[in-house]
Structure formats: C-alpha cells, structure tokens
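Q: Sequence plus predicted model, see below.
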Amino acid sequence: RRRLVALAACAAALILVLAGALLLREDDTPTMHEFAVRAEGVEGWFGIEGSDQGTEVRLEHRGLDPSQMYWLWLTDASGTRVSAGTFFGTGERATVTLHSAMPEDDAVRIWVTDEGDDVVLDARIPR
C-alpha cells in the first residue's frame, strides 16, 4: 500500500511539474491576422515580430498556384517597399517564415505579389 501511495504522489508531482512548465513556457508564435484583400480562391494569414535584423514574418497561405513564385513585401508610411523574400505557392495550406530588413515599427502594410507583380494578398498591419 505504501508503494502505491508513493507512486501516486510521484505521478501527481510529475503532472504538476509538466503543467507548470506548459504554463510558464513562452509562446514564440506571433498573433496571426487575416489578410483583408485576397485574390479569388486564395486565403492568407500573417504574424510579424521584430528581430535584431528587422522583421520576421510568419505567413500561412492556401490556394496559391504551385507553379508560381510569390514575393512578400513590407511597406512603410512613406510608401517604400522592402522585400521579405520569395516562396512558391501550394494548393494546400502551408506556412513559411520570411525576413525583412524593415524594422517592425516602420511597417504599416504587408502584401504578396505574383510573378506578374499583381497583388494576391494585402493588409494594413494592426497596431
């Protein structure tokens, strides 16, 4: 009976430690926002976070042509656009992480263009 009580106490302690670790763990996933403007059949969400090198962008998308390359841009209040990189589309939901040299605090717009420079996703960055 003592072993059973000791085993139960160890199990309870382990559960408490794991629960505490989960509660204290810092979530490094940025808040995701839906793009306000989307090309037909395209869905997209973004999260941005400042970094030492500028801005890290997490982009989730679905419905972009897998045979095309796309560009992600950040734009500041003066209209200057800075690339955060390129990626290929996919019919399925996909996530890419891209980086721009533009500081997060300067970025007011985030948008994605296709190979013809047509806008397929576009949003103002919420503050």
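A: Now that the structure is in, tell me what you want to look at.
Q: list the contacts for the residue nearest the centre of the chain?
A: In the chain, the C-alpha nearest the mean C-alpha coordinate belongs to Arg58, at 2.4 Å (Cα atoms, centre = their mean). Contact analysis of Arg58 by Cβ atoms under 8 Å, 6 or more residues apart in numbering lists Thr29, Pro30, Met32, Phe46, Gly47, Ile48, Glu49, Thr95, Val96, Thr97. (C-beta placed from N, C-alpha, C; glycine too.)
Q: cool, Ala94 as well?
A: Per Cβ under 8 Å, 6+ apart, neighbours of Ala94: Glu60, His61, Arg62.
Q: Quick check: nearest residue in space to the first one, chain neighbours excluded?
A: Pointing back at Glu60 there. Among residues not flanking Glu60 along the chain, Trp45 sits closest, at 4.5 Å (Cβ to Cβ, 6 or more residues apart in numbering).
Q: Also Leu74?
A: Nearest residue to Leu74 in three dimensions, chain neighbours excluded: Ala107, at 4.2 Å (Cβ to Cβ, 6+ apart).
Q: Does that neighbour touch Asp76 like I think?
A: Yes: in this structure, Ala107 is within contact of Asp76 by Cβ atoms under 8 Å, at 6.3 Å.
Q: rewinding a little: tell me the spacing between the residue nearest to the centre of the chain and Glu40.
A: 24 Å (Cβ to Cβ, to the nearest Å).
Q: ditto for Leu16
A: 51 Å.
Q: And the helices in this structure, which stretches?
A: 2-24 (DSSP state H).
Q: so where's it uncertain?
A: Scanning the chain for pLDDT under 70 picks out 17-29.
Q: ok, for Val120, nearest residue in space, not its chain neighbours?
A: Ala39 (4.2 Å).
Q: mind listing what the one you found touches?
A: Ala39 neighbours (Cβ under 8 Å, 6+ apart): Asp118, Val119, Val120, Leu121.
Q: wait, which of these is closest to Val112?
A: Leu121 (4.1 Å; Cβ to Cβ).
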